[in-house]
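Participant: Dropping the sequence and predicted coords here.
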Amino acid sequence: MSSFESLYKHIILVACFLTSHHSHRKTMAFYVGLLFFLVSSAAATCDRCVHQSKTAYYYDDTPIQHGACGYGSMAFELSNGYVAGVVPSLYRQGAGCGACFQMGGEHVGMAFGLWKSPKTSTPPLCHPFINKELLAVPVIKFVVAEVNRSTNNNFAHDTCNRFQFEQLYKLCIPEVDSEPREDLKSNLTGILIIFVNHTISNFKDNVMFLQREIKSGKLNGKTKEMYDTCLENFERGTTDLQQSMHVLLTETGKDIYGLPALSVASYVTECVDDFEGVPKPPEWQSRYNTSNKLLELILGTCNLMKCNRELACIP
């Protein structure tokens, strides 16, 4: 129930009480007038304001560059921290997941991704359109069942739990599990090294596949042109990934967002986007999709590292 609905019910109760007392009809008229004023004011301003449910404050419009409704980082100072997360280090400034919430209650789970805020002891919870679910909760104490998808309670699997999309989680776990060096699984830099290393192997394999297909002479003109472009871009991507690996191994403390690996996705996608309408052979489509997901794991891990350095997102 919203704060306006609650106020509405309280005023109606007062009005009903007053109608039973003839001498208070003028007072009743005042309350009824106040009711209509508040409702009309809310309707005129609620598109750009902070709304309150009994469990969280949230922004119901699309966040702008400096935070939803223009509050920016100041939003964390409002209402003792129980405000939607608007920090850019969170998921696409909160725009990609509908709403982010600072949750309070007996339990706060990881069902939809868990981030720790240094401002309060309770983490914000981010999930597509969860604001609609919160509005249906009639109680002040909001309990979220803890859902930990990993079978092993270790750092690497907990990190994989933080990826928003199920497809990335399903790829993250086997990628981490296949790495024999246990020391890399205890910190975010090590996990990033795992992903970059595996992506290098993936790109090299795709380069050999493309070279083999091009030399086969079986491709039609458009498909061959697409494969030529993909080959050039995947070779370039392999070089950038190798340079990123060198940086990770030799330059401790390097700005994560300066890694060449973060530019790879932009020109790798060109080899498909530039040939829209050209049929994609199933084997290449599958290979290409896997490469894209690996690049998303790299980007997601970099975002976690950035968030962790600035906001201590990970306990």
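Facilitator: Received the coordinates, thanks. No experiment lies behind these values; they were computed from the predicted model shown. Numbers count the residues shown, from 1 in each chain.

Participant: Burial check on F195, number of neighbours?
Facilitator: 25 (other Cβ atoms under 10 Å). To be clear about C-beta, it is placed using only N, CA and C from the backbone, and glycine gets the same treatment.

Participant: Next up, identify which helix or strand the residue nearest to F275 when sequence neighbours are not counted is on.
Facilitator: Using Cβ to Cβ, 6 or more residues apart in numbering and skipping residues adjacent in sequence, the residue nearest F275 is M226, 4.3 Å away. Element membership for M226 (DSSP states H and E) is helix 221-250.

Participant: That helix: what's the following helix or strand?
Facilitator: The helix or strand immediately downstream of helix 221-250 is helix 264-268, counting by DSSP H and E.

Participant: Now stretch 244-255 - C-alpha only, PDB.
Facilitator: The C-alpha coordinates for stretch 244-255 follow below in PDB (Å, rounded to 0.1, in the frame of the first residue of the first chain):
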ATOM      1  CA  SER A 244      45.300  -7.300 -21.300                       C
ATOM      2  CA  MET A 245      46.700 -10.500 -19.800                       C
ATOM      3  CA  HIS A 246      50.200  -9.000 -19.700                       C
ATOM      4  CA  VAL A 247      48.800  -5.900 -17.900                       C
ATOM      5  CA  LEU A 248      47.000  -8.000 -15.300                       C
ATOM      6  CA  LEU A 249      50.100 -10.100 -14.600                       C
ATOM      7  CA  THR A 250      52.600  -7.300 -14.500                       C
ATOM      8  CA  GLU A 251      50.900  -4.000 -13.600                       C
ATOM      9  CA  THR A 252      49.200  -4.300 -10.200                       C
ATOM     10  CA  GLY A 253      46.700  -1.500  -9.600                       C
ATOM     11  CA  LYS A 254      46.200  -0.700 -13.200                       C
ATOM     12  CA  ASP A 255      43.000   1.100 -14.000                       C
END
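
Participant: What are the buried residues along that stretch?
Facilitator: S244, M245, V247, L248 (16 or more other Cβ atoms under 10 Å).

Participant: What helices and strands are in contact with the helix holding M226?
Facilitator: With contacts defined as 3 or more Cβ pairs under 8 Å, 6 or more residues apart in numbering; DSSP states H and E, the packing partners of helix 221-250 are helix 188-216, helix 264-268, helix 270-273, helix 282-311.

Participant: Mind doing that once more with 6 Å?
Facilitator: helix 188-216, helix 264-268, helix 270-273 (3 or more Cβ pairs under 6 Å, 6 or more residues apart in numbering; DSSP states H and E).

Participant: any idea of the mean pLDDT for the last one?
Facilitator: For helix 270-273, the mean pLDDT works out to 81.

Participant: contacting residues around that helix?
Facilitator: T229, C230, N233 (Cβ atoms under 6 Å, 6 or more residues apart in numbering).

Participant: how does this protein divide into domains?
Facilitator: 3-48, 51-135, 155-311 (automatic domain parsing).

Participant: returning to what we had before: and the buried residues of stretch 244-255, which two are furthest apart?
Facilitator: M245 and V247 (7.3 Å; Cβ to Cβ).

Participant: list residues touching both of these two?
Facilitator: Common neighbours of M245 and V247, using Cβ under 6 Å, 6+ apart, do not exist here.

Participant: Low-confidence regions, the chain specifically.
Facilitator: 1-153, 163-169, 307-315 (pLDDT under 70).

Participant: hmm, 90 instead?
Facilitator: 1-194, 217-223, 247-286, 289-290, 292-315 (pLDDT under 90).

Participant: quick one: buried residues of the helix holding M226?
Facilitator: 223, 226-227, 229-231, 233-234, 236-238, 240-242, 244-245, 247-248.

Participant: now swap in stretch 270-281 and tell me
Facilitator: C271, V272, F275.

Participant: CA atoms of it as PDB?
Facilitator: Extracted C-alpha coordinates of stretch 270-281, given in PDB (Å, rounded to 0.1, in the frame of the first residue of the first chain):
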ATOM      1  CA  GLU A 270      30.900  -5.700 -36.300                       C
ATOM      2  CA  CYS A 271      31.600  -9.000 -38.100                       C
ATOM      3  CA  VAL A 272      27.900  -9.900 -37.600                       C
ATOM      4  CA  ASP A 273      26.100  -6.600 -37.300                       C
ATOM      5  CA  ASP A 274      27.600  -5.300 -40.600                       C
ATOM      6  CA  PHE A 275      26.200  -8.300 -42.400                       C
ATOM      7  CA  GLU A 276      22.600  -8.200 -41.100                       C
ATOM      8  CA  GLY A 277      20.400 -10.300 -43.300                       C
ATOM      9  CA  VAL A 278      23.200 -12.700 -44.300                       C
ATOM     10  CA  PRO A 279      22.400 -16.200 -43.000                       C
ATOM     11  CA  LYS A 280      24.700 -17.300 -40.200                       C
ATOM     12  CA  PRO A 281      25.900 -20.900 -40.400                       C
END
